[in-house]
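Asks: 3D, please:
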Amino acid sequence: MSEKVILTQKQAELISQIQNADYAVDLHSKNELPYPNLKSLGVSQLARALYVGYEIRKPKFNADDKVVNVYSRKFSTGESILSVVSMDGEEYSVELSNGLYYVESALRHATPEEIYWLHELDRDDIAEFHAGDIIISSDFGYPYKVDAFTNIGHTLSSEDAFEAWHRGNIKGIYPAESFKPFDK
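Replies: Prediction:
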């Protein structure tokens, strides 16, 4: 039993317009089929699509998905995480919120940690602790302010906080950016 062929949306639309399957396969074998979007299919793939059936390939991303470029830490605009705007059905190129297009294979979904650190906190790296951040850690047992003197006279550096995070001992963070001073 032959398997169905996986097609793009545009290829499926073109195949659904073909009225004479035998004639289309014959033309395709002679490289005379007048549909450029079907040229990437082999003769056997076109025949299977026409005689056995096909499935439409679903895009990897949807609008508003948060994605990162797998080949670069930063996008050309300096943004780390971008939102998907639209998908092209044939090439599966992805339009992002910075106005640029990327092939689907160059992107992956952002992890929740990346979204929080890079998108919501607008930091340059995951677990980048800043002076004034308050962390809750199982290492220390109480809230600790990064790069601030404690009542016992020592500080927790951003490097110490990163090490605690790397060991899995940071339970949460109150970022310095969320501090709201009260008017006097």
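Asks: Phe149 reaches Thr155, doesn't it?
Replies: Yes - applying CB atoms under 8 Å as the test, Phe149 and Thr155 come out as touching, 5.7 Å apart. Where you see a C-beta, it was placed from the backbone N, CA and C, and this is true even at glycine.
Asks: So those two - more neighbours on which side?
Replies: Thr155 (14 against 10; other CB atoms under 10 Å).
Asks: how much space between that one and Lys145?
Replies: Between Thr155 and Lys145 the distance is 9 Å, computed by CB to CB, to the nearest Å.
Asks: buried stuff in stretch 116-123?
Replies: Of all the residues in stretch 116-123, those buried under the rule 16 or more other CB atoms under 10 Å are Tyr116, Trp117, Leu118, His119, Leu121, Arg123.
Asks: for stretch 60-71, same thing?
Replies: For stretch 60-71, a neighbour-count test (16+ other CB under 10 Å) marks Lys60, Phe61, Asp65, Lys66, Val67, Val68, Asn69 as buried.
Asks: you'd agree the first one is in a helix?
Replies: To tie it back to what came earlier, the one meant is Lys60. No - judged by DSSP: H, G, I helix; E, B strand; the rest coil, Lys60 forms no part of a helix; its state is coil.
Asks: If we ignore the residues flanking it in sequence, what's nearest it?
Replies: Counting by CB to CB, 6 or more residues apart in numbering, Glu104 is the residue found nearest to Lys60 once chain neighbours are left out, at 5.3 Å.
Asks: so what strands line up beside the helix or strand containing Tyr144?
Replies: Element membership for Tyr144, per DSSP states H and E: strand 143-145. With DSSP bridges as the test, strand 143-145 is paired with strand 134-137 (antiparallel).
Asks: For the strand it pairs with, the averaged confidence score.
Replies: Mean pLDDT, computed over strand 134-137, is 85.
Asks: List the buried residues of that strand.
Replies: Neighbour counts over strand 134-137 (16+ other CB under 10 Å) mark Ile134, Ile135, Ser137 as buried.
Asks: And stretch 47-56, by the same measure?
Replies: Neighbour-count burial for stretch 47-56, counted by 16+ other CB under 10 Å, picks out Ala47, Arg48, Ala49, Leu50, Tyr54.
Asks: Where helices are concerned, which of those count?
Replies: Within the buried residues of stretch 47-56, residues falling in helices by DSSP state H are Ala47, Arg48, Ala49, Leu50.
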